[in-house]
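Student: okay, here's the prediction I keep looking at, along with the sequence it came from:
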Amino acid sequence: LAHLGISAERIRRACLHVGAERIEHHQRMQQAFEQKPLPEQIGGKPDDVEPPQIACVMCDGGRYQLLDRHLPPKPKPSARKGEHWRESRIGLLAGMSGPSHTCDPQPTLPPELRYEAMAEKLSEIGRTGSRRDCPEENRADEELSAPHGDGIPGPDLGDRHVVASRQSWEDFGPLLASQAWYRGFAAAPRKAFVSDGSPTIEQLQRTHFSHYTSILDLLHALSYSLAAARAVSSSEAAARDLYHHWAATIWEGKVNDVIDELRAYCGKLGPPPENPRGDDPREVVRTSLVYYENHAARMDYPSYRRAGLPLTSSLMESTVKQVSRRVKGTEKFWSSAGGEAMLRLRAESLSDDHPLQSHLQHRARHATGTRLYRTQPLHT
């Protein structure tokens, strides 16, 4: 707007400097949180913060490319494609509001989760198998007849705070827990942790958010139902009917019934070979069975609906896409310092409480005028 030219190098230095300041600030907050007594960590809050009605924590991983050019080359550099790709850790702290209920507000499967409305989405999410042959005109009729209802019951989103880092999950957990505490999440009357069933994320929940209600993302759960239904059915119509049966059973909180039926199919199909193909029906059914057995305790969806808690991690998936829009790309490479700085800045720029904007407004008060890049080596 001022018709000033700003070089890419100047922006790079600014991102590294401001990112380092935010990292240091987060470290101080984390250290102060870890020094508090355990009861305060579990149920306390800052004096000037009002906790949300519902505190919801979600986690997932993103992708970015790491390349530290200033480091010496490896003795035997690998020629394998994709060797630079790394996983970023992204957390979402969502403050929500909504009523709780004495009885289930929607005891029957909503139209939005039926096959006609969800088959494409579930195919994108997980191991749904291949679609059985179906005439094109029938597919068009299915799309036109996709039902509509009042939506999946759940709370309203108030605001969100995003946390992102290239740290390991073990180091990311304390960072996320401290950020949640400073936003009053520990003192919220209702608390939920929603995830897709990843073992590392479940371990993070047990370690740092064990006092939260742990919920398996409903859409991931249903994707395994569709996968198994397609694996054991001879036609897409039969798979659709079987999916409706299992989806309704899971919606009603009777996942053990689905487990019993999958065990019967496993006995009928027999065990998979030693190195099965991913689309082998025996392996698909076995994988779905193991998934439900491992997560049955986190699939009591009727009680979650009565408590007014969220059932899906759709907000997390959209947040990962927003973070990846800045840091992920086939021609984008980040150094260790630059990648960490950009992940922190990108996360704070997406947060509704505007922590980055607040920091920049007060940053000038502490400016010394010293050009740090003249005395400190910075690498990208």
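Tutor: Structure received. Everything numeric here is computed off the predicted structure, so don't read it as measured data.

Student: what residue is smack in the middle of the chain?
Tutor: Centroid check for the chain by C-alpha atoms, centre = their mean gives Asp60 as the closest residue, at 3.3 Å.

Student: what does that residue show for phi and psi?
Tutor: Note on Asp60: backbone dihedrals following degrees, to the nearest 10 are phi -170, psi 170.

Student: that one against Ile90, yeah?
Tutor: Yes - using C-beta atoms under 8 Å, Asp60 is in contact with Ile90, at 5.7 Å. Heads up, the C-betas are built off the backbone N, CA and C, glycines and all.

Student: who touches both of the two?
Tutor: Both Asp60 and Ile90 are contacted by Met316, Thr319, Val320, under the criterion C-beta atoms under 8 Å, 6 or more residues apart in numbering.

Student: could you find the closest non-adjacent residue to the first one?
Tutor: This means Met316. Nearest residue to Met316 in three dimensions, chain neighbours excluded: Met58, at 3.9 Å (C-beta to C-beta, 6 or more residues apart in numbering).

Student: helices and strands around the helix or strand hosting that neighbour, which ones?
Tutor: Per DSSP states H and E, Met58 falls inside strand 54-65. When contacts are defined as 3 or more C-beta pairs under 8 Å, 6 or more residues apart in numbering; DSSP states H and E, strand 54-65 sits against strand 85-97, helix 169-181, strand 190-195, helix 199-208, helix 314-327.

Student: buried ones in the lengthiest helix in the chain?
Tutor: Ranked by residue count, the top helix of the chain under DSSP state H comes out as helix 8-34. Of all the residues in helix 8-34, those buried under the rule 16 or more other C-beta atoms under 10 Å are 12-13, 15-23, 26, 30, 33.

Student: hmm, who's touching whatever helix or strand comes next after that helix?
Tutor: Using DSSP H and E, the helix or strand that follows helix 8-34 in sequence is helix 38-43. Residues outside helix 38-43 that contact it (C-beta under 8 Å, 6+ apart): Phe33, Ala177, Trp181, Ala186, Ala187, His211.

Student: list the contacts of Gly95.
Tutor: Taking C-beta under 8 Å, 6+ apart as the test, what Gly95 contacts is Pro52, Gln53, Ile54, Ala55, Cys56, Leu157, Gly158, Asp159, Arg160, Arg183, Phe185.

Student: meant to ask about His244, not that
Tutor: Counted by C-beta under 8 Å, 6+ apart, His244 has contacts Leu109, Arg114, Tyr115.

Student: quick one, grab the pLDDT at the last one.
Tutor: According to the model's per-residue confidence, Tyr115 sits at a pLDDT of 95.

Student: what sits against it?
Tutor: Applying C-beta under 8 Å, 6+ apart to Tyr115 gives the contacts Glu142, Leu226, Arg240, Tyr243, His244.

Student: repeat for Thr213
Tutor: With contact taken as C-beta under 8 Å, 6+ apart, Thr213 is in contact with Arg190, Lys191, Ala192, Phe193, Tyr304, Ala307, Leu309.

Student: likewise for Arg190?
Tutor: With contacts defined as C-beta under 8 Å, 6+ apart, the neighbours of Arg190 are Gln53, Ile54, Ala55, Ser100, Thr213, Ala307, Gly308, Leu309.

Student: quick one: Pro276 and Val290, what's the gap?
Tutor: Pro276 sits 13 Å away from Val290 when distances are taken as C-beta to C-beta, to the nearest Å.

Student: where does this protein have low pLDDT?
Tutor: Filtered on pLDDT under 70, the chain yields the residue ranges 71-81, 126-150, 366-380.

Student: mind redoing it with 50?
Tutor: 79, 128, 135-146 (pLDDT under 50).

Student: and the contacts of Thr213 as TSV, adding distance to Ala164?
Tutor: As requested, those are exported to TSV (distance: C-beta to C-beta, whole Å):
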residue	distance to Ala164
Arg190	26
Lys191	22
Ala192	21
Phe193	18
Tyr304	27
Ala307	29
Leu309	24
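
Student: quick check: of the residues you listed, which lies closest to Leu343?
Tutor: Phe193 (21.5 Å; C-beta to C-beta).

Student: name the nearest residue to Arg282, sequence neighbours excluded.
Tutor: Nearest-residue entry for Arg282: Pro272, 3.9 Å, with adjacent residues in sequence omitted and distances by C-beta to C-beta, 6+ apart.

Student: pretty sure that neighbour contacts Glu283?
Tutor: Yes - contact criterion C-beta under 8 Å: Pro272 and Glu283 qualify, at 4.2 Å.

Student: and stretch 248-258, end to end?
Tutor: End-to-end distance for stretch 248-258: 10 Å, by C-alpha to C-alpha, to the nearest Å.

Student: buried residues in it, which are they?
Tutor: For stretch 248-258, the neighbour count (16+ other C-beta under 10 Å) marks Thr249, Ile250, Trp251, Gly253, Lys254, Val255, Val258 as buried.

Student: ok so, going back, what about the residue nearest to Arg282, which SS state?
Tutor: Each residue gets one of three states, and Pro272 gets coil by DSSP: H, G, I helix; E, B strand; the rest coil.

Student: how close does it get to Gly91?
Tutor: Per C-beta to C-beta, Pro272 is found 36 Å from Gly91.

Student: give me the more crowded residue out of those two.
Tutor: A side-by-side neighbour count of Pro272 and Gly91, using other C-beta atoms under 10 Å, places Gly91 first with 25 against 17.

Student: and the more buried one, bridged to which residues?
Tutor: Cys59, Val163 (DSSP bridges).
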